[in-house]
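Q: Just a sequence and a predicted model for now, questions to come.
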Amino acid sequence: MKLIGTGLLCILLITGFSTAKAQQSMLDEVSVKYLDTLIKIAKANNPRHKIYAAQVGIAQNNLNRVRLSWLEGIGLYYIYIPRSVAVIDSIRGGTPYATTSTKVNSNPFQFGFSINLGSLFQKPAQISALKGQREVSKLEQQEYELTIESNVKQAYYKYIQQVVLLRKRTQQEADGQIMLTSVKSRFERGQETFDNYTKAQLLYNQQGQDRINTESEMLTAKAQLEELLNKKLEEIILEVK
């Protein structure tokens, strides 16, 4: 019974020691500055964000174009009349014959203008509609920016969670290997039971499987974050440094 108690105590020490090391908070790994950098990169590289920004620019250009088209409803024109005009008299005193005389025009240019009231009355409504389109485009852009920010934060927190968890799993596996070596040595010297030695082996194997599963989840979280950023995290780390 003493040997069995010692073996069980060793196995409990494996998990107890690893759990004590696992008390580190995930918040210690979160960097607000780095997260802000990721959000900015995601917005800059995201194709849909660029589309929304272009739509805002197009709406503003259309509004400016209509504002400058107020003069389209007003038309200016002029008529040129030569200073000297030949006048032909074809009838004089009932007798048809042709004579010519010269008439001098002091103002050869005649100016005028026209107003298209229908076009002028339509401008306020067109400007109001284009202002609405511009505001809608801006709101859509802002909404998508909030969506990008939220998605990047969630992906970043998930990635940090898996990084911290992987570190813990790796430490647990290392502690398990040390403890398994100790239990094996005592078992070979007849100081430990085969049952406890088997339990130590199973625990160590489970810890190794947990580490592999966490590695997979960490790589998946990293890929999802990089998909939002449209860039590798390694490249961003170099840029920040």
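A: Structure's in. What do you need?
Q: what helix or strand does E235 sit in?
A: Using DSSP states H and E, the element containing E235 is helix 233-240.
Q: tell me the mean pLDDT over that helix?
A: Across helix 233-240, pLDDT averages out at 75.
Q: Next, count neighbours for Q154.
A: Other residues near Q154 number 13, with proximity taken as other Cβ atoms under 10 Å. Every residue, glycine included, has its C-beta placed from N, CA and C.
Q: actually I236, not the one I typed
A: Using other Cβ under 10 Å: I236 sits among 16 other residues.
Q: K40 is in contact with that one, correct?
A: No: I236 lies out of contact with K40 (Cβ atoms under 8 Å); the separation is 10.3 Å.
Q: Show the subsequent helix or strand relative to the lengthiest helix in the chain.
A: Taking DSSP state H as the criterion, the chain has its longest helix at helix 117-188. Counting by DSSP H and E, the next helix or strand C-terminal to helix 117-188 is helix 194-229.
Q: Need the phi and psi values for E192.
A: The phi/psi pair for E192 (degrees, to the nearest 10) reads phi -140, psi 150.
Q: So for it, what's the nearest residue that isn't a sequence neighbour?
A: Nearest residue to E192, sequence neighbours excluded (Cβ to Cβ, 6 or more residues apart in numbering): R186, at 3.9 Å.
Q: measure that neighbour to T170 for me?
A: 25 Å (Cβ to Cβ, to the nearest Å).
Q: residue ranges with poor pLDDT in this structure?
A: 1-24, 49, 63, 66-130, 132, 134, 137, 238-241 (pLDDT under 70).
Q: Now that I39 has come up, it's in contact with T147, right?
A: No: the pair I39 / T147 is not scored as a contact, 11.4 Å apart, by Cβ under 8 Å.
Q: Have a look at the two and say which one is more surrounded.
A: I39 (20 against 13).
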